[in-house]
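A.B. asks: 3D, please:
(one chain, ligands or ions: 2)
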Amino acid sequence: MAKVFVIVGPAGVGKGTLVRGLRERMPELVLAVSATTRQPRPGEVDGVDYHFLSPTEFTDRVAAGAFVEHARYAGNCYGTLRAELDRHLAAGASVLLEIELQGARQVRAVLPDSVAVFIAPPSKEALAARLRGRGTDGPAQIDARLRAADDELAARGEFAHVVINDRLDHAIGALEAIVRAESGPPRTL
Ligand code: ADP
Ligand code: 5GP
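C.D. replies: Ligands and ions are numbered 1, 2, ... in the order given. Prediction:
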């Protein structure tokens with residue numbers, strides 16, 4: 001059965017890294033490409049990392065009902081495109097959504113069969129160190145993400161599945177175990 005898995009947690013906690021590791025072990029999982037109004041970072045490719053939209057394009061798509069969920073985060077808009085999700089589910093593929101908290105709450109409301117996994121850092125200090133160490137964001141962007149992280153970390157109790165991303169291989173294993181258990185038994189002929 002194709003399922004939607006929501007990977008949620010503060011920026012810098014390692015969601016992208018964990019999803020990459022998970023997909024190496026379970027290549028049948030598809031990662032949905034989100035839309036955002038944020039500027040591409042060096043090396044990011046439109047249509048691959050995100051669908052990069054202007055604020056007007058984003059607002060038009062919201063009005064057209066094109067998003068399953070959307071949220072403002074650290075000064076930009078982010079959203080999961082309904083067409084992107086439907087396309088993969090129709091093809092029978094389970095889909096990973098790597099999104100922030102407000103979006104995860106919306107998905108929980110509109111797709112009650114989805115499975116959310118909250119990714120927690122070993123500590124707030126480790127989170128800050130990872131955000132700085134990643135080297136992709138300037139000081140203002142890092143501050144905005146750390147401010148948002150306080151609310152996100154406080155929401156951990158809302159989620160039945162929590163994975164602490166301390167040692168990466170352990171965390172990938174824990175995530176894989178959840179996804180396999182929630183995917184049900186393997187299909188037989
Ligand atoms: P997110 O997608 O949640 O914003 P990333 O996957 O980009 O986070 O990870 C943020 C930074 O933390 C990256 O530099 C990544 O290499 C590093 N990182 C991820 N997981 C771990 C871990 N378990 N231990 C140490 N560093 C990690
Ligand atoms: P970044 O700008 O660092 O790529 O992403 C910032 C935050 O937005 C991250 O927590 C990321 O998971 C989240 N995000 C990415 N795509 C979406 C989306 O489609 N919807 C929502 N709600 N959040 C998203």
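A.B. asks: And for V62, nearest residue in space, chain neighbours not counted?
C.D. replies: Spatial nearest neighbour of V62, chain neighbours left out: H70 (6.0 Å); criterion: Cβ to Cβ, 6 or more residues apart in numbering. In this view, the C-beta of every residue, glycine as well, is placed from N, C-alpha and C.
A.B. asks: Number of residues surrounding V48?
C.D. replies: By other Cβ atoms under 10 Å, the residues close to V48 number 8.
A.B. asks: what's the host helix or strand of D143 in contact with?
C.D. replies: Per DSSP states H and E, D143 falls inside helix 139-154. Applying Cβ atoms under 8 Å, 6 or more residues apart in numbering, the contact partners of helix 139-154 are 8-12, 73-75, 100-101, 120-121, 124, 127-128, 131-132, 137.
A.B. asks: How about stretch 63-80?
C.D. replies: The contact list for stretch 63-80, computed with Cβ under 8 Å, 6+ apart, reads 11, 32, 34-38, 55, 58, 61-62, 81-83, 85, 97, 99-100, 102-104, 106-107, 110-111, 141, 144-145, 148.
A.B. asks: now swap in stretch 165-184 and tell me
C.D. replies: Identification of contacts with stretch 165-184 by Cβ under 8 Å, 6+ apart yields 1, 3, 5, 7, 9, 13-14, 17-18, 21-22, 25-26, 29, 94, 115, 117, 119-122, 161, 163-164.
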